[in-house]
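1. Provided below are the primary sequence and the corresponding predicted coordinates.
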Amino acid sequence: MPQVLIVQDEERTLIQRAYRKLLRSIKTDMDEIDRKNIRMAYEIAVEAHSKQRRKSGEPYIMHPIEVARICAEEIGLGPTAIVAALLHDTVEDTSVTLEEIRNRFGPKIMTIVDGLTKLKEIEPTIAQVENFRKVLSTLVEDVRVVLIKMADRLHNLRTIGSIPPESQLKIAAETSYIYAPLAHRLGLYNVKTEFQDICLKITEPDLYEDIVRKLQDTKDDRNQYILEFIEPLTGQLEDIGVSYRILGRPKSISSIFNKIKNKAVPFEEIYDLFAVRIIVDVPVLNEKSICWQVYSIVTDVYTPVPERLKDWVSTPKANGYESLHTTVIGPGGRYVEVQIRSDRMDEIAEKGFAAHWKYKGVMSHKDRFGVWLDNIREILEDPDKDAMDFVNDFKNNLFNEEIFAYTPNGDMKILPKGATALDFAFGIHTDVGYHCKAIKVNNKLVPMGFKLENGDQVHVTTAKNQKPNESWLKMVVTSRAKSKIKSAIKEEIRKKGIFGQEALQRKLQHIKVDFEENVDILVKHFGFKNRPELYYAVAQDHINLSEIKHYPVENGKFALEKQRVYTPASEPGTKKIQKKSKTIVLINEEPGDQYDYSFASCCHPVLGDHIFAFVTTNAGVKIHRASCPNAEHLISNYGYRILKADWLSDHGSDFVADLIITGIDTGPGVIERLTNKISSSLGLNIRSFSIEGNEGYFEGKISLIVANLNQINQAITALKSMEGISSVTRID
């Protein structure tokens, strides 16, 4: 018994210490009411969560306290958000009600807490996306709900080691699919970076640890180089008479991983492992001129790379980011990225939306967040969107890269990279998009699906009799354009369907069959989803009404069997890679053959890969790699169909692994040397081999039959060591 008291005293001290740390982290102004509300919220949360513990074993109250601290210190939110963060799990997990919160703290905090409370009693098949929708829907009402949710997700990721691997995988996929892009869109650079780094640690633990180790090994050399780079700049920067500071910051682990993966270069050959940031403390009116003055100093000392200049001072990013980026050739011929910004710009870059709101109205730039929130509002107001459509359309609005295109009058439109001329038309106005007849880009007539580039000037010609059709959906990428086109098509179907409905009513009346009692029977018989589809088919003469009089009728109703719906034998994009003679996978701790499993061809899992199982609708269970390019989408949208999967390492089988090899083209001997290394030296069978050379460079794709991941790694290492080979990478 005394031991229990000691534990309680220790935990009480731990909780109080965490609370004091929270109070010290609050940088915004507070009055006496704010202080009382924070204290009251803390006491309510401590009492409500007193009997709960986290998976790690620590008192549950530590979580809301830490979420509140992240809101205050790392995101820069004020007392209202801190109170809501302390209470964010009380309604969902305890006996505290929203009405109690309203009575004690008022309607604003109650609304925020309600937005953070997960929906209960929902079908598991839609719970995940419905809860996404609930949180994201609050964006246009009070963005603090989403910002607190970001802090909640960040703390859960920081403490994710205490939950099972399969649960970690689900959380990582959700985070990568929605939360990391959303953090980017809200300008929360540090939060986005930490999201991506932790997700990488979960999905690619070996590669993550390898990069961490190499960064640590090169830290001293990096710091010494940064000092060497900065030294000749300091004197000239002091001459311009403004306060400044210079920082050297390493690239994020996930950013380095993406370069290794996408550009097929080893860690040692990545030139921009760090960036030098120069931050000046100047009045807002002088920011732009001083930033360019600093740029002039940097490029006087070091040779710039012109094509790497990015001016987000004159034209900020859609998430409010402002900075001047350039790449120069530093000491020893190394490329160095230099970022130049003011203190205000730096705060917005670090804390995103919260800092942007603080400075709202200070700059003359158009409020980019407002424009984006208007787009989100349009998505929310679409009555025909289900939760899945909403989340997917929302994600499409979280574009990481953007382009700027202009009307003939010089009005700028911000669009996601890859947007088309037709997207631009809908971006001007819905009616312009509806009636778009022809488009000129830079005075040249182009197809509607023409992809725009930065600086394009777009002229749209309209015609009153022009209407959208289904082919238009393939020509657009923005959710706004897709939504408007779908609405127009549905309206056209509805209008035409009226004529079909009237024709069907006349026909059923003629054969003396009640319309209401039989129309749904006909819908099912013909395999339509609803009545409007049936009416439209009738209007388009896809259904021969003259045949209906021959249908059997019993007790005033058609006696028809529902039309058999065709389902393909296998799910698109997946097929069995090899026949299984033995069970080599455990699914939910049970032998995999009980689940009729096969390996997904989109990522070719191999014994030793980190894997998960996905229950398809018509092709059994598919085994995917955790790093599969489709993993984020599957786990985020269909988390309820994800099962735990593990390898039975004592069972052998053959797997397919695809490698891409690039190098110097030395002629026909390349093929012989590669095949000899693989077949003779490594003892591996080649399933297929294709190679193409061009101007002294070759790229080959080789499919190998391997037993496990170790054999793939051995093959990659051996091939990389060959003379003339530039890179060897495994294809996802």
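-> Thanks, I have the structure now.

2. Mark out where each domain of the protein begins and ends.
-> Structurally, the chain divides into domains by automatic domain parsing as follows: 2-203, 211-358, 487-558, 585-647, 655-730.

3. Next, format those as JSON lines and append mean neighbour count.
-> C-beta here means a position set from N, CA and C on the backbone, and glycine is covered the same way. Formatted as JSON lines, the domains of the chain follow (neighbours: other CB atoms under 10 Å):
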{"stretch": "domain 2-203", "mean neighbour count": "19"}
{"stretch": "domain 211-358", "mean neighbour count": "17"}
{"stretch": "domain 487-558", "mean neighbour count": "15"}
{"stretch": "domain 585-647", "mean neighbour count": "19"}
{"stretch": "domain 655-730", "mean neighbour count": "15"}
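
4. Compare the ones you listed and give me the one nearest residue 454.
-> Checking the domains of the chain against residue 454 by CB to CB gives domain 211-358 as the closest, at 9.7 Å.

5. follow-up on the earlier one: any chance of the domains of the chain in JSON lines, with distance to residue 432 and mean pLDDT too?
-> Shown next, in JSON lines, are the domains of the chain (distance: least, CB to CB, whole Å; pLDDT from 0 to 100):
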{"stretch": "domain 2-203", "distance to residue 432": "24", "mean pLDDT": "86"}
{"stretch": "domain 211-358", "distance to residue 432": "21", "mean pLDDT": "87"}
{"stretch": "domain 487-558", "distance to residue 432": "13", "mean pLDDT": "84"}
{"stretch": "domain 585-647", "distance to residue 432": "32", "mean pLDDT": "82"}
{"stretch": "domain 655-730", "distance to residue 432": "44", "mean pLDDT": "85"}
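
6. so which of these gets nearest residue 429?
-> Nearest of these (CB to CB): domain 487-558, 13.6 Å.

7. Off-centre distance for the closest one?
-> With CA atoms, centre = their mean, to the nearest Å as the basis, domain 487-558 stands 43 Å off its chain's centre.

8. Can you check the distance spanned by that domain, start to finish?
-> One end of domain 487-558 to the other measures 33 Å (CA to CA, to the nearest Å).

9. could you point out where the stretch 351-500 of the chain is predicted with low confidence?
-> Within the stretch 351-500 of the chain, the segments meeting pLDDT under 70 span 353-393, 395-400.

10. residue boundaries of the helices in it?
-> 353-358, 368-380, 387-396, 421-428, 430-434, 479-510 (DSSP state H, counting those that start in this stretch).

11. thinking again about what came up before, would you convert the domains of the chain into TSV that also reports distance to residue 441?
-> Output for these, formatted as TSV (distance: least, CB to CB, whole Å):
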stretch	distance to residue 441
domain 2-203	27
domain 211-358	20
domain 487-558	23
domain 585-647	32
domain 655-730	31
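
12. mind listing the helices for the stretch 51-200 of the chain?
-> Under DSSP H, counting those that start in this stretch, the stretch 51-200 of the chain gives helices at 62-69, 79-87, 90-93, 98-105, 107-116, 124-137, 144-158, 165-174, 180-185, 189-203.

13. ok, residues contacting the fifth one?
-> Applying CB atoms under 8 Å, 6 or more residues apart in numbering, the external contacts of helix 107-116 come out as 37, 80-81, 83-84, 87-92, 98, 101-102, 134-135, 137-138, 141-142, 144-145, 148-149, 152.

14. and residue 497, what does it touch?
-> So residue 497 contacts 532, 535, 536, 539 (CB under 8 Å, 6+ apart).

15. Apart from its chain neighbours, what residue comes closest to it?
-> Closest residue in space to residue 497, ignoring its immediate chain neighbours: residue 535 at 3.5 Å, by CB to CB, 6 or more residues apart in numbering.

16. Which of the helices or strands spans the one you found?
-> For residue 535, the host element (DSSP states H and E) is helix 531-539.

17. Starting from the next helix or strand after that helix, tell me which strands it pairs with and how they run.
-> On the C-terminal side of helix 531-539, the closest following helix or strand by DSSP H and E is strand 553-554. With DSSP bridges as the test, strand 553-554 is paired with strand 557-558 (antiparallel).

18. Give me the residues contacting the partner strand.
-> 513, 517, 518, 521, 522, 525, 551, 552.

19. helix or strand right after the helix or strand hosting residue 233?
-> Using DSSP H and E, residue 233 sits within helix 219-239. Downstream of helix 219-239, the first helix or strand assigned by DSSP H and E is strand 243-250.

20. Would you mind getting the angle between that following strand and helix 219-239?
-> 160 degrees (axes from the mean of the first three to the mean of the last three CA atoms, to 10 degrees).

21. which strands and helices sit next to strand 243-250?
-> helix 219-239, strand 274-281 (3 or more CB pairs under 8 Å, 6 or more residues apart in numbering; DSSP states H and E).

22. How far does the helix or strand just after it sit from its chain's centre?
-> Next along the chain after strand 243-250, taking DSSP H and E as the criterion, comes helix 253-262. Averaged C-alpha coordinates place helix 253-262 at 16 Å from its chain's average position (CA atoms, centre = their mean).

23. Which residues are in contact with residue 539?
-> 496, 497, 499, 500, 503.

24. let me fix that: residue 349
-> 187, 189, 321, 322, 323, 341.

25. To which secondary structure element is it assigned?
-> Going by DSSP H and E, residue 349 is in helix 343-351.

26. Please verify my assumption that the residue nearest to residue 497 contacts residue 515.
-> No: in this structure residue 535 lies outside contact range of residue 515 using CB atoms under 8 Å: 11.7 Å.

27. overlap in contacts of the two?
-> residue 504.

28. Now do the residue nearest to residue 497 against residue 423, distance only.
-> 31 Å (CB to CB, to the nearest Å).

29. sorry, back to before: select, out of the helices of the stretch 51-200 of the chain, the one closest to residue 443.
-> Here helix 180-185 is closest among those (CB to CB), at 33.5 Å.

30. which residue sits closest to residue 104, ignoring its sequence neighbours?
-> The nearest residue in space to residue 104 (CB to CB, 6+ apart) is residue 40, at 6.6 Å.

31. helix or strand for that neighbour, which one?
-> Per DSSP H and E: helix 32-48 holds residue 40.

32. Distance check, the nearest residue to residue 136 once chain neighbours are set aside against residue 484.
-> Closest residue in space to residue 136, ignoring its immediate chain neighbours: residue 394 at 5.5 Å, by CB to CB, 6+ apart. Between residue 394 and residue 484 the computed distance is 16 Å (CB to CB).

33. Excluding residues flanking it in the chain, which one is nearest residue 201?
-> Nearest to residue 201 is residue 208, by CB to CB, 6+ apart, at 4.5 Å.

34. cool, residue 287 as well?
-> residue 342 (4.4 Å).

35. who does that neighbour bridge with?
-> residue 280.

36. Report whether the expected contact of it with residue 280 is present.
-> Yes: Residue 342 lies in contact with residue 280 (CB under 8 Å); the separation is 5.6 Å.

37. intersection of neighbour lists for these two?
-> Shared contacts of residue 342 and residue 280, counting by CB under 8 Å, 6+ apart, come down to 287, 290, 291.

38. From these, pick the one nearest residue 249.
-> Checking those one by one against residue 249 (CB to CB), the nearest turns out to be residue 291, at 18.0 Å.

39. Provide a list of residues in contact with the closest one.
-> Here residue 291 is in contact with 280, 313, 324, 340, 341, 342 (criterion: CB under 8 Å, 6+ apart).

40. try 7 Å this time
-> 313, 324, 340, 341, 342 (CB atoms under 7 Å, 6 or more residues apart in numbering).

41. so when I look at it, I'm seeing a helix, right?
-> Yes: inclusion of residue 291 in a helix is indicated when DSSP: H, G, I helix; E, B strand; the rest coil is applied.

42. Quickly note the distance from it to residue 705.
-> 57 Å.
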